[in-house]
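Participant: Following is a predicted model, sequence given first.
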Amino acid sequence: MVGKSVFSPKRCERLTLLNSAWGRHEARLRMQRTGWRMGMKQTVAGLLIGASTLALTGAAFAQDEAPDDEVRSLATVVVQGEKVERSLQDTVSSVAVVSSETIEDRNLISLDDIFGQIANVTETYPGSGYTIRGISNRNVTAGGAAGLSTVFLDGSALPDAYTTGTPTDMWDVAQVEVLRGPQSTLQGRNTLAGAVIINTMDPTYEWDLRGRVTMDDHASSSYALAGGGPIIEDELAFRLVAEMKDNDGYINNPTLGIDEDASELTSGRLRLLWEPAAFEGFRAEFSYSKSSYEGGWIQSYANGGVDDYFENRVDFSDEQNTFNRDSDFASLNLSYELNDAFTLSAVTGWSSEDVDGTYDADYTADSIAYGALVETYDTFSQELRLNYSGESFEGLVGLYYSDRERDFLDTSITNVETPTSTISYLIQANGVDAATADYVAALYTSMLPVIPVDYYGDGLYGTENYAIFADGVYSITPQLDILAGFRYDYEEFTQSADTSATFAGTYPDPNLFGAPYSDMWLLIYGINLGVADLVGAASGSTNGPVPEEFEAFLPKLGVSYHWTDDLTTSFTVQKGYRSGGSTINIARATIVPYDQEFTWNYEASLRSVWLDGALTVNANAYYTDWTDQQVSVNFGQSEYDYHTVNAGSSSLYGFEIDANYLFSDEWSFYGALGHAVTEFDEFDVTVGGTSSDLSGRSFAFAPEWTSSVGLRYEAPSGFFVDGGIDYRSSQYSAVTSTQEDGEVDSRTLVNLNVGYDADTWRLTVFANNLLDEKYVQYNQVDTNRLLLGAPRVVGASLSFDF
């Protein structure tokens with residue numbers, strides 16, 4: 001059975017009863033009486049016996065060994081990300097939940113720290129990207145404009161491209177949920193891989209004030225405050241949160257004499273809670289967050305050509321790499337308990353972001369290639385939902401609307417590699433033999449190895465999304481539940497663009513190759529004209545927005561069987577999708593549409609409670625079939641002659657296992673193990689007339705193994721020690737025919753926190769990457785640029801809570 005999706009005081013009491021090790025069974029019996037338990041168990045056992053035999057055997061042994069003199073149980077974990085509040089043990093989806101207590105105990109400062117705790121979830125570009133089950137939140141093939149996973153902050157979806165500079169640090173966060181696997185039925189677009197749900201602390205009717213000061217040995221500091229209380233007793237409450245962070249970073253720029261990746265972040269948040277006494281059953285929650293970020297480019301690269309680049313992290317750029325972001329997020333959550341069974345909810349989300357940055361495209365001390373960008377993101381969403389909770393059925397039905405716009409302006413001096421093979425082909429097309437054409441093309445390339453282009457582009461992406469969705473659980477018997485849901489999604493995508501490209505260099509002089517109008521002179525002169533045409537082809541504009549319409553029906557069906565009070569197995573089938581759109585082919589100054597891509601996800605789950613609630617072991621295993629995959633294909637004119645087409649397919653499979661064990665009042669353990677295999681079944685790429693079959697290749701940033709384990713000791717005196725190990729196997733940096741060249745090694749991080757908790761104040765001394773593991777996060781082979789993992793960081797944090 002599942003928890004009740006209403007906001008009444010009885011809800012929490014019922015959840016606690018339903019999800020305690022000794023209460024779930026009695027609750028089910030009270031709600032349904034039936035006399036044919038064994039018959040139904042035998043019917044379903046044939047389908048699920050393989051998944052449950054091991055757990056049943058282990059559970060029996062563990063129960064025999066449980067101590068008789070003391071009963072300890074883990075706290076009930078309530079999942080909110082599926083729009084119905086239910087316990088983690090009653091949630092079929094693969095969900096990892098990190099509570100506020102865990103965030104504080106393990107000194108988890110950022111969203112990247114959270115990802116390190118979770119099986120089959122890793123960071124890609126630190127601070128701006130992550131993968132779930134080997135699928136990057138941004139892309140796996142460089143094709144498609146929509147994201148594959150979305151971060152939600154108090155109901156507002158963050159833009160797909162970035163999380164850097166947004167208020168996603170963990171200060172005053174109540175809970176983080178990472179939902180692994182497609183969430184398209186309930187969450188909609190951009191959740192094919194999963195979703196990340198961040199909920200901040202609610203206001204309360206009691207006054208409180210808390211703060212924290214953190215400093216480390218890399219000259220980073222953080223100052224944070226949070227507090228609030230009642231405005232009208234038991235009716236209206238508020239909460240204010242503020243944080244300031246300074247970070248000197250780890251990379252030095254000797255050319256400019258600056259810290260390349262230094263940053264400053266200022267953020268604030270206001271939350272309001274209104275529960276009017278005159279309108280019983282009504283609840284309104286308002287949240288507004290604002291942040292301002294100034295720092296280095298979102299990916300700060302170190303030069304891989306220097307000696308011992310881990311100890312000598314440098315970047316020689318002569319143009320400063322900067323990234324600035326101002327973000328505003330707001331959400332309004334209204335709910336009204338119509339009666340004991342029905343609750344009506346309305347969730348409104350709004351966000352606006354302004355981004356600007358500058359970058360050195362050649363990353364050298366020479367002024368060769370550089371650029372700047374300005375972007376704005378505006379998002380509005382509205383959801384209306386009706387939840388029902390009865391004795392044998394719980395479910396919801398909802399309507400959804402969203403409107404997203406992205407404006408962009410991009411200017412750059414860009415060096416395009418001279419297309420030698422294309423030049424040779426064009427010469428041969430004019431009747432010149434192949435040997436002579438190859439010779440002339442190579443000679444020309446030696447004089448003009450790159451084509452400098454002064455590029456300007458501005459445009460608009462717009463997406464309107466309409467959806468109807470439903471989800472529910474029907475209990476046929478106290479043991480057997482049927483799960484079903486669907487989403488019908490309709491989307492309109494518009495895009496417009498204006499681009500300008502001019503040659504910004506010096507053409508080879510035909511007079512250096514022969515007398516005027518000689519054969520060689522004419523060839524060089526003709527190539528110059530061809531290069532001019534090639535550059536000019538990147539200039540153009542669309543005749544207003546080009547609308548594209550997409551629709552999808554996304555069903556979900558599953559079954560759960562409660563073998564005992566403490567053991568449940570489930571199997572679900574769900575369709576996921578990523579919306580279609582259109583891309584700009586820069587070289588041709590054209591907009592090219594592409595269709596949606598789809599996945600079918602088959603997933604089995606195990607939920608188990610042992611030792612009277614002191615131990616939980618949960619697992620999910622999955623297989624995903626991905627078709628009509630959006631891939632970026634080059635069409636031969638130059639490296640910028642590419643756009644997205646639906647030409648790929650992939651297979652994914654793996655599992656996650658999560659365990660938590662409360663040894664005693666002082667000792668606790670957690671562990672997570674993930675295995676994720678990704679493989680392209682079909683992926684043909686053509687670059688400059690050369691075709692490559694990339695089928696059989698793995699996704700980028702897709703380690704096959706991830707794990708984390710940790711142990712915590714809390715003495716009655718207040719002294720505590722918390723240690724954890726985070727492992728990630730090797731992974732590839734890109735999807736290419738020479739993928740192995742960009743492989744980065746596995747890494748193991750050890751983190752340690754030691755301190756004293758005096759109830760009203762806490763002192764923590766921490767060491768992140770205690771053993772100073774030296775590892776590469778990303779290797780851009782052709783430019784010798786590296787994203788390096790953070791070195792050992794030692795610091796201290798002093799906090800208070802009144």
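Facilitator: Arrived safely, thanks for sending. Residues are numbered from 1 along each chain as shown.

Participant: in the stretch 451-600 of the chain, which spans are strands?
Facilitator: Secondary structure of the stretch 451-600 of the chain (DSSP state E, counting those that start in this stretch): strands at 480-503, 540-541, 548-564, 567-578, 581-585, 590-594, 597-610.

Participant: The longest one - contacts with which helices or strands?
Facilitator: Spelled out, it's strand 480-503. helix 184-187, strand 450-475, helix 519-536, strand 540-541, strand 548-564, strand 567-578, strand 581-585, strand 590-594 (3 or more C-beta pairs under 8 Å, 6 or more residues apart in numbering; DSSP states H and E). (C-beta placed from N, C-alpha, C; glycine too.)

Participant: okay if I get these as TSV plus distance to Leu694?
Facilitator: TSV is the format used below for these (distance: least, C-beta to C-beta, whole Å):
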stretch	distance to Leu694
helix 184-187	26
strand 450-475	26
helix 519-536	27
strand 540-541	31
strand 548-564	26
strand 567-578	19
strand 581-585	19
strand 590-594	18
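
Participant: Can you tell me which of those is most buried?
Facilitator: Each of the helices and strands packed on strand 480-503 was assessed for mean neighbour count using mean count of other C-beta atoms under 10 Å. The highest is helix 184-187, with a mean of 25.

Participant: what's it in contact with?
Facilitator: Outside of helix 184-187, the residues within contact range by C-beta atoms under 8 Å, 6 or more residues apart in numbering are 82-83, 150, 152, 179, 191-192, 195, 469, 471, 485-487, 489, 554-556, 574-577.

Participant: and if you look at stretch 554-563?
Facilitator: 28, 41, 44, 48, 52, 56, 92, 184-185, 471, 473, 478-489, 568-577.

Participant: Give me the distance from it to the chain's centre.
Facilitator: In terms of C-alpha atoms, centre = their mean, to the nearest Å, the centre of stretch 554-563 is found 26 Å from the chain centre.

Participant: Can you list the low-confidence ranges for the stretch 51-200 of the chain?
Facilitator: Scanning the stretch 51-200 of the chain for pLDDT under 70 picks out 51-72, 126-128, 142-144, 160-168.

Participant: residue boundaries of the helices in it?
Facilitator: Applying DSSP state H, counting those that start in this stretch to the stretch 51-200 of the chain gives helices spanning 100-105, 111-115, 184-187.

Participant: Any chance of those helices in JSON lines with distance to Arg607 as columns?
Facilitator: Listed next are the helices of the stretch 51-200 of the chain as JSON lines, based on distance: least, C-beta to C-beta, whole Å:
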{"stretch": "helix 100-105", "distance to Arg607": "19"}
{"stretch": "helix 111-115", "distance to Arg607": "22"}
{"stretch": "helix 184-187", "distance to Arg607": "19"}
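
Participant: Would you mind telling me which of those helices is nearest Thr760?
Facilitator: helix 100-105 (14.0 Å; C-beta to C-beta).

Participant: what are the ranges of the helices in the stretch 701-802 of the chain?
Facilitator: In the stretch 701-802 of the chain, no helices are found when defined by DSSP H, counting those that start in this stretch.

Participant: Count residues in the vicinity of Gly514, would you?
Facilitator: Residue neighbour count, defined by other C-beta atoms under 10 Å, stands at 14 for Gly514.

Participant: How about the contacts made by it?
Facilitator: Residues counted as contacts of Gly514 (C-beta under 8 Å, 6+ apart) are 520-521.

Participant: on that earlier part again, would you mind telling me which of the helices of the stretch 51-200 of the chain is nearest Tyr370?
Facilitator: Comparing those against Tyr370 with C-beta to C-beta, the closest turns out to be helix 111-115 (28.4 Å).

Participant: Show me what that closest one packs onto, helices and strands only.
Facilitator: Helices and strands touching helix 111-115, by 3+ C-beta pairs under 8 Å, 6+ apart, are strand 121-123, strand 130-132, strand 173-180.

Participant: one step back: reformat the strands of the stretch 451-600 of the chain as JSON lines; add mean pLDDT.
Facilitator: Rendered in JSON lines, the data for the strands of the stretch 451-600 of the chain read as follows (pLDDT from 0 to 100):
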{"stretch": "strand 480-503", "mean pLDDT": "92"}
{"stretch": "strand 540-541", "mean pLDDT": "74"}
{"stretch": "strand 548-564", "mean pLDDT": "94"}
{"stretch": "strand 567-578", "mean pLDDT": "95"}
{"stretch": "strand 581-585", "mean pLDDT": "74"}
{"stretch": "strand 590-594", "mean pLDDT": "76"}
{"stretch": "strand 597-610", "mean pLDDT": "96"}
